[in-house]
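1. pasting the sequence and the predicted model now:
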Amino acid sequence: MSPIFRKVLIANRGEIALRIIRACQELGIPTVAVYSDADARAPHVREADEAVHIGPAPSAQSYLLGDRLIDVAKRTGAEAVHPGYGFLSERAWFARAVRDAGLVWVGPPAEAIEAMGSKTAARQLVSAAGVPVVPGTTEAIRDADEAVAIAETFGFPVLLKAAAGGGGKGMRIVRSAGELAGALASAQREAKNAFGDDAVYIEKYIEGPRHVEIQVLADTHGNVMHLGERECSVQRRHQKMIEEAPSVAVAAPLRKRMGDTAVAAARAAGYVNAGTCEFLLDRDEQFYFLEMNTRIQVEHPVTELVMSIDLVQWQLRIAAGEAIPFANRTFTPRGWALECRITSEDAFNGFLPSTGRIDYLHLPTGPGVRWDGGIESGSEIGLYYDPMLAKLIVHAPTRPLAIARMRRALLELTIDGVETSQGFHLRVLDHPDFQRGDISIQWLEDKLPELTKPTGNADAIRLAAIAAALVAHEERTVGRTSSPAPSSGGAASTNESASHALPSAWAASARADGLRSR
Ligand code: MV4
């Protein structure tokens, strides 16, 4: 059978480029990768069928050059362009330019990207479709007097937001009328700097909600469906650290209400392809639409695992004009999935970005473990791109089992050469609040002091150092031995023999303590 596309150009890098290559390979579609100077030896370049150099390391001179990407697509005979996430994925002008060049855009229509791009326009659009939004204005505020008058209709605290914004830039919490004028001026200044547009609007500030988002899938035949929720409350400065599906806060009736709402929002925007509606969910199961992400998201794998679906393959099939054959089915999550974003940041040192060469990489495997990574041994980690190196994703029958599995997988993972978030993730997983699912969007930042504090357990650190020395000694000894170590025979081979059990248990506990105490 002939593939749905003759060839696909991947306008991205790192783990998402590899993720798209894998989807294409399974669909029999040849791929073209693009790369900057910094990525000449990156895994996505090697794994694609072809690769084209597009410029120097800075993304403004490479991955953000729309015309060059379209030119490469035409020259290599690609039929479609997949933008991944970030870079040009939500730029309506690029979606339009791809389409105008006679290529297929593997993403939503430019018009849908635009409709959701302005946060005030999106509020108007979806609330007209019956979607609940946070009480507030849909028009830019003129002055502080007007802001005070509006704030007093629903009460303080209120939140000032940039109309052109999203992702938290230009936001100000205001707790009293007296603070409004100053906050408005600074929000406008920040919005102007970040987006070239100083329009700011006002909303009631929702205290301590969860961030719950609904995955949507829509085709060109009028089918719009949802694939349940992801819980993304564990985030710091609008960077998500851990995501999961389903959410402890969402049972089937709420899933249906939120899902139907997300479908209505997507329909209102004329949405096609994969997208996500973000909601704030408060403690009384009230939810409010925040914004729609018009791309495949970083955290899509947790939905893939609990819903048994390949979202990237469906993005490609939908772009090729296929109708979703399961659009009328209600998807129910099976088991629990967790994702940890492994970043090159030193969490125990103010999340300072870490650079260097990955000189050793050992990946976790075994039951229920998935690694979506963009790195390998020898990769140089610089400062040109996002610090996310990879995603570690696990799937298990229940949430406690998924947490145990993630813990186990994080302990199996070794990344030498750069500092990573690995040890920090273990601390979060070990926290009783996280284990109870008792979290909100403020939780992580509230707990940062205790989550990044050195254990101060001198004994454990000493024990870990002794264990590490013993393990190193053992490794040297094993390396010199030409014949296998004598075993007691039978099925129990070297690894199960008592003499080896002790050092390996020490190695595991040393690694756990080492990661925890940094
Ligand atoms: C809010 C909110 C509370 N009340 N709006 C953050 C980025 C942008 N997407 C909207 N955001 C928020 N809007 C009202 N009316 C709290 C946040 C918010 C947040 C939302 C989702 C995930 C993490 C967050 C962290 C801080 C604040």
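-> It's in.
2. show me what contacts whatever residue of the stretch 401-518 of the chain ends up closest to the ligand?
-> Going by Cβ to the nearest ligand atom, the ligand is nearest to residue 441 of the stretch 401-518 of the chain, at 3.9 Å. For the C-beta atoms, the positions are set from N, CA and C on the backbone; glycine is no exception. Taking Cβ atoms under 8 Å, 6 or more residues apart in numbering, we find residue 441 in contact with 208, 209, 210, 211, 233, 235, 280.
3. in which helix or strand would I find it?
-> Assigned by DSSP states H and E, residue 441 belongs to no helix or strand.
4. distance of it from residue 284?
-> Taking Cβ to Cβ, to the nearest Å as the measure, residue 441 falls 16 Å from residue 284.
5. repeat for residue 92
-> From residue 92 to residue 284 the distance is 37 Å (Cβ to Cβ).
6. neighbour count winner among the two?
-> Between residue 92 and residue 284, counting by other Cβ atoms under 10 Å, residue 92 is the more crowded of the two (18 against 6).
7. residue 155 touches residue 204, doesn't it?
-> Yes. Here residue 155 reaches residue 204: they are 7.2 Å apart, a contact under Cβ atoms under 8 Å.
8. the more surrounded of those two?
-> Legend: neighbour count by other Cβ under 10 Å for residue 155 and residue 204, higher for residue 204 (18 against 10).
9. next up, the contacts around that one.
-> Per Cβ under 8 Å, 6+ apart, neighbours of residue 204: 134, 135, 136, 154, 155, 157, 158, 159.
10. ok, residue 36 next?
-> Listed by Cβ under 8 Å, 6+ apart, the contact set of residue 36 reads 13, 53, 54, 55, 56, 57, 58, 59, 61, 62, 63, 384.
11. repeat that with 6 Å
-> When contacts are counted by Cβ atoms under 6 Å, 6 or more residues apart in numbering, residue 36 touches 55, 57, 62.
12. and the host helix or strand of residue 433, how far out from the chain's middle?
-> Using DSSP H and E, residue 433 sits in helix 432-436. Counting by Cα atoms, centre = their mean, to the nearest Å, helix 432-436 is centred 21 Å from the centre of its parent chain.
13. using CSV, write out every CA atom in the one helix or strand residue 257 maps to.
-> Here residue 257, judged by DSSP H and E, is contained in helix 252-268. What follows is helix 252-268, C-alpha atoms only, in CSV (Å, rounded to 0.1, in the frame of the first residue of the first chain):
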residue,chain,number,x,y,z
ALA,A,252,-16.2,10.1,34.6
PRO,A,253,-19.1,12.6,34.9
LEU,A,254,-16.7,15.6,35.2
ARG,A,255,-14.6,14.2,32.3
LYS,A,256,-17.7,14.2,30.2
ARG,A,257,-18.6,17.7,31.1
MET,A,258,-15.1,19.1,30.5
GLY,A,259,-14.7,17.0,27.4
ASP,A,260,-17.9,18.2,25.9
THR,A,261,-16.9,21.8,26.7
ALA,A,262,-13.5,21.3,25.0
VAL,A,263,-15.2,19.9,22.0
ALA,A,264,-17.5,23.0,21.9
ALA,A,265,-14.5,25.3,22.1
ALA,A,266,-12.7,23.5,19.3
ARG,A,267,-15.8,23.5,17.1
ALA,A,268,-16.2,27.3,17.6
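14. distance check, whichever residue of the stretch 251-400 of the chain sits closest to the ligand against residue 331.
-> Per Cβ to the nearest ligand atom, residue 290 is where the stretch 251-400 of the chain lies closest to the ligand, at 5.0 Å. Per Cβ to Cβ, residue 290 is found 23 Å from residue 331.
15. the two: which is more packed in?
-> More crowded of residue 290 and residue 331, by other Cβ under 10 Å: residue 290, with 22 against 19.
16. so that one sits against residue 278, correct?
-> Yes. Contact between residue 290 and residue 278 holds when scored by Cβ atoms under 6 Å: they sit 4.3 Å apart.
17. great, nothing more from me.
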